[in-house]
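**Q** need the 3D shape of this:
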Amino acid sequence: MDSVLNVEVSCFKNYVTPGNPVNINMLTWLTSAQHAARVEQIRNLESKEKRLELKAALPGITPSGVFSFRNENCLIRHSGLVQLDIDLKENGHIENYNQLKEEISKIPNVAYCGHSVSGTGFWCLIPIAFPDKHREHILALIEAFDKIYHIKVDPAPSNVASLRGYSYDPDAYFNHRAIPVEVYYEPQRPNFKLVQPEGSRDRAAAEVYIREIEERKIDITGGYHNWLAIGFSLAATFGEGGREYFHRVSQFHPEYHPGRTDRQYSNCLKHGNGKINFGTFIHHCQLAGMKVPENKRAQHAQQSPHSQAASKQNMPEKQGTRAFNHGVRTS
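**A** This next block holds a predicted model:
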């Protein structure tokens, strides 16, 4: 069958642990009723603990590709699909929530939409035009679903290795000719006034450390308080000129979102009291195992390739999606 869903993905017998994956066809997975009885049992249970226990025994897949091991660095090939997860608790403002599957099915980019294992949520599969921009596509889709359709999407599956536990929906929606989404986040870089001048030791150190973060794809922002402290540190040292740094440092967190990162940095600029200085940023880098020689910092200060660069995230023009014919009613 010529279908955007006729792709190979990795399947894990127990999705709580990484496990050793086997390959499975996406259409086979989506239409299989092998564990339908277990799903129905889970949906009828009142005990949350028991539901979680039974869910953990179900198999899971990585919808976005084939992996040698469940880690984003072990991707063998991308499926060309991203998954979106929509939960009831985040969308209580939608009056016709029970009809959400029918409304989502009107979007020509959606290849699949069905109930999650709980029966109260929905999940979707959407083909993307540029698999190497997996996270950027998801971030743009999250923004579009929020701004256009007033639907809150869980940002967790922005990681290409994110799992999807088995679920069963006999009335799931399929669109084998779904249109790949082309829109994705592409940061723009406006000019700004530097707080730390070009060639300063702090700016040279920041450039070297952040370049190493990007080369090694390290997340040093785990935990809200750490993220906030790093933001205050960069804001106190570089002012508006540290905004790009904050995005570059934050981008490897699994829930990175350009809009929220922008707002957080603006808050750091507004509410910083100067008590958190550049040493805090250095401290978090060193906790992650980075040690940059002093001579390398000096050499980088002379080169200073990013002296004029800063980034402010802008939502690109929406392409490839359209509003619902009838729309989602919000209270």
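**Q** any idea what the spatially closest residue to residue 174 that is not a sequence neighbour is bridged to?
**A** Excluding its sequence neighbours, the residue lying closest to residue 174 (CB to CB, 6 or more residues apart in numbering) is residue 112, at 5.9 Å. C-beta coordinates here come from the backbone N, C-alpha and C atoms, glycine included. Beta-bridge pairing of residue 112 under DSSP bridges involves residue 125, residue 174.
**Q** burial of residue 112, as a residue count?
**A** 24 (other CB atoms under 10 Å).
**Q** swap in residue 117?
**A** Using other CB under 10 Å, residue 117 is surrounded by 22 other residues.
**Q** tell me the helices and strands packed up against the strand or helix carrying residue 268.
**A** Under the criterion of DSSP states H and E, residue 268 resides in helix 258-271. Packed against helix 258-271 by the contact rule (3 or more CB pairs under 8 Å, 6 or more residues apart in numbering; DSSP states H and E) you find helix 224-238, helix 243-250.
**Q** please save the CA atoms from it in CSV.
**A** Provided in CSV are the C-alpha atoms of helix 258-271 (Å, rounded to 0.1, in the frame of the first residue of the first chain):
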residue,chain,number,x,y,z
PRO,A,258,11.4,28.6,21.8
GLY,A,259,8.5,30.8,23.0
ARG,A,260,8.7,29.7,26.6
THR,A,261,12.5,30.1,26.5
ASP,A,262,12.2,33.6,25.2
ARG,A,263,9.7,34.5,27.9
GLN,A,264,11.9,33.1,30.6
TYR,A,265,14.9,35.1,29.4
SER,A,266,12.8,38.3,29.3
ASN,A,267,11.8,37.6,32.9
CYS,A,268,15.4,37.1,33.9
LEU,A,269,16.3,40.5,32.3
LYS,A,270,13.5,42.2,34.2
HIS,A,271,13.8,40.6,37.6
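**Q** now it: buried residues?
**A** 258, 261, 262, 264, 265, 268, 269 (16 or more other CB atoms under 10 Å).
**Q** what does stretch 53-65 give?
**A** Neighbour-count burial for stretch 53-65 flags 54, 55, 58, 59, 60, 61, 62, 63, 64, 65 (criterion: 16+ other CB under 10 Å).
**Q** let's have those in TSV, adding secondary structure, pLDDT and distance to residue 9.
**A** TSV is the format used below for these (DSSP: H, G, I helix; E, B strand; the rest coil; pLDDT from 0 to 100; distance: CB to CB, whole Å):
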residue	secondary structure	pLDDT	distance to residue 9
54	helix	90	23
55	helix	87	19
58	coil	90	16
59	coil	91	12
60	strand	91	10
61	strand	94	5
62	strand	94	6
63	coil	96	6
64	coil	97	8
65	strand	96	6
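**Q** where does the stretch 51-200 of the chain have low pLDDT?
**A** Filtered on pLDDT under 70, the stretch 51-200 of the chain yields the residue ranges 187-199.
**Q** helices of that one, residue ranges please.
**A** 100-104, 134-149 (DSSP state H, counting those that start in this stretch).
**Q** between the longest one and helix 258-271, how many degrees?
**A** With axes from the mean of the first three to the mean of the last three CA atoms, to 10 degrees as the basis, helix 134-149 and helix 258-271 are set at 80 degrees to each other.
**Q** how about the secondary structure of residue 28?
**A** Secondary structure, DSSP: H, G, I helix; E, B strand; the rest coil: residue 28 is helix.
**Q** list the contacts for it?
**A** Listed by CB atoms under 8 Å, 6 or more residues apart in numbering, the contact set of residue 28 is empty.
**Q** measure the residue nearest to residue 174 to residue 231 for me?
**A** Distance, residue 112 to residue 231, using CB to CB, to the nearest Å: 38 Å.
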